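Visitor: coords below, sequence missing:
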């Protein structure tokens, strides 16, 4: 097994490791350490059953069930994201083919499940690219003025704001249920990794609705400036998907987005969310 940085980016690729075979403890430790360091790991050309996906999830942490039961596959820990439909014409999984802007998953929960991976099964011939940015690097390269403004800041994270005016039919969400069980929550906008002491921004466009102690226009200006800084091209990794690719990331330390794709193209990826070790990884705390 080799672990190498991808084209000078913050992302690392794990090479020469068939994930369908048992992973030795030495390799597992190296993978977990690289994951902690980079926040995004790439594994290419894998051929994995759902049982093997679950086994890999258990190497990384503790796989968790996602709230949307209609997205679950044969194994409930595995979610399906696709624009396909079953024999009754119902959506198979969630999210369909629409573009997704920069975001982090589960930031609107009091205790987010921050580990996540996608596994490519069927991919569109055009569009559908996924991109990631490092919130470690974004914080470490902040201009001093922005660092002073964001250090100690507390944001309000809102699931209601995240879903906006979209309808259930667009991405197969049970919005009424999710809204009832997901009240707004407050998190710090900068967190410290317990395993390394590194600081990472924790921003989520379209989910953070305000910052404690700031007027709304001042908060929105700060959030816009932080996002513009974080998404500079030098901090963006664009993943060119191939069949069998698995990309693992940490939602507490990266943002991601997805390009849309024509509905004449098919896409199916399998996803898993994973509880990470809180003694090593950032689990965004609830702010008072």
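Guide: In hand now; what should we look at? Quick caveat, the model's predicted, so the values are computed rather than measured.
Visitor: Which residue lies nearest the spatial centre of this structure?
Guide: With distances taken as Cα atoms, centre = their mean, the residue of the chain nearest its centroid is residue 251 (4.3 Å).
Visitor: all helices in the stretch 151-288 of the chain, in order from the N-terminus.
Guide: Ranges of helices in the stretch 151-288 of the chain, per DSSP state H, counting those that start in this stretch, are 159-163, 168-171, 175-181, 216-230.
Visitor: So for residue 62, which of the ones you listed sits nearest?
Guide: Ranking these by proximity to residue 62 (Cβ to Cβ) places helix 175-181 first, at 21.1 Å. Every residue, glycine included, has its C-beta placed from N, CA and C.
Visitor: returning to that earlier point: out of the helices of the stretch 151-288 of the chain, which gets the lowest mean score?
Guide: Sorting the helices of the stretch 151-288 of the chain by mean pLDDT places helix 168-171 lowest, at a mean of 54.
Visitor: Apart from its neighbours in sequence, what residue is nearest residue 243?
Guide: residue 120 (5.9 Å; Cβ to Cβ, 6 or more residues apart in numbering).
Visitor: quick revisit: can I get the helices of the stretch 151-288 of the chain in CSV with distance to residue 244 and mean neighbour count?
Guide: Formatted as CSV, the helices of the stretch 151-288 of the chain follow (distance: least, Cβ to Cβ, whole Å; neighbours: other Cβ atoms under 10 Å):
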stretch, distance to residue 244, mean neighbour count
helix 159-163, 31, 18
helix 168-171, 25, 14
helix 175-181, 32, 12
helix 216-230, 30, 16
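Visitor: The residue nearest to the centre of the chain against residue 103, yeah?
Guide: No. The pair residue 251 and residue 103 does not pass the contact test of Cβ atoms under 8 Å, sitting 9.2 Å apart.
Visitor: which residues do those two both contact?
Guide: Both residue 251 and residue 103 lack any common contact, where contact means Cβ atoms under 8 Å, 6 or more residues apart in numbering.
Visitor: Show the end-to-end separation of stretch 83-98, please.
Guide: Start-to-end span of stretch 83-98 (Cα to Cα, to the nearest Å) is 9 Å.
Visitor: Flag every buried residue along that stretch.
Guide: 83, 91-97 (16 or more other Cβ atoms under 10 Å).
Visitor: from those residues, which ones fall inside helices?
Guide: If you go by DSSP state H, the buried residues of stretch 83-98 have nothing in helices.
Visitor: so can I have CSV of these showing pLDDT?
Guide: Shown next, in CSV, are the buried residues of stretch 83-98 (pLDDT from 0 to 100):
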residue, pLDDT
83, 86
91, 78
92, 78
93, 80
94, 80
95, 81
96, 79
97, 84
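Visitor: Name the spans of the stretch 101-250 of the chain whose pLDDT lies under the cut-off.
Guide: 165-175 (pLDDT under 70).
Visitor: A helix includes residue 136, no?
Guide: Yes. Counting by DSSP: H, G, I helix; E, B strand; the rest coil, residue 136 is part of a helix.
Visitor: Hmm, it is touching residue 198, no?
Guide: Yes. The pair residue 136 / residue 198 is scored as a contact, 5.4 Å apart, by Cβ under 8 Å.
Visitor: neighbour count winner among these two?
Guide: Taking other Cβ atoms under 10 Å, residue 136 and residue 198 do not tie; residue 136 has more neighbours (24 against 16).
Visitor: Give the pairing partners of the helix or strand where residue 132 lies; include direction for each.
Guide: Here residue 132 sits within strand 130-134, counting by DSSP states H and E. Partners of strand 130-134 in the sheet, by DSSP bridges, are strand 236-239 (antiparallel), strand 254-258 (antiparallel).
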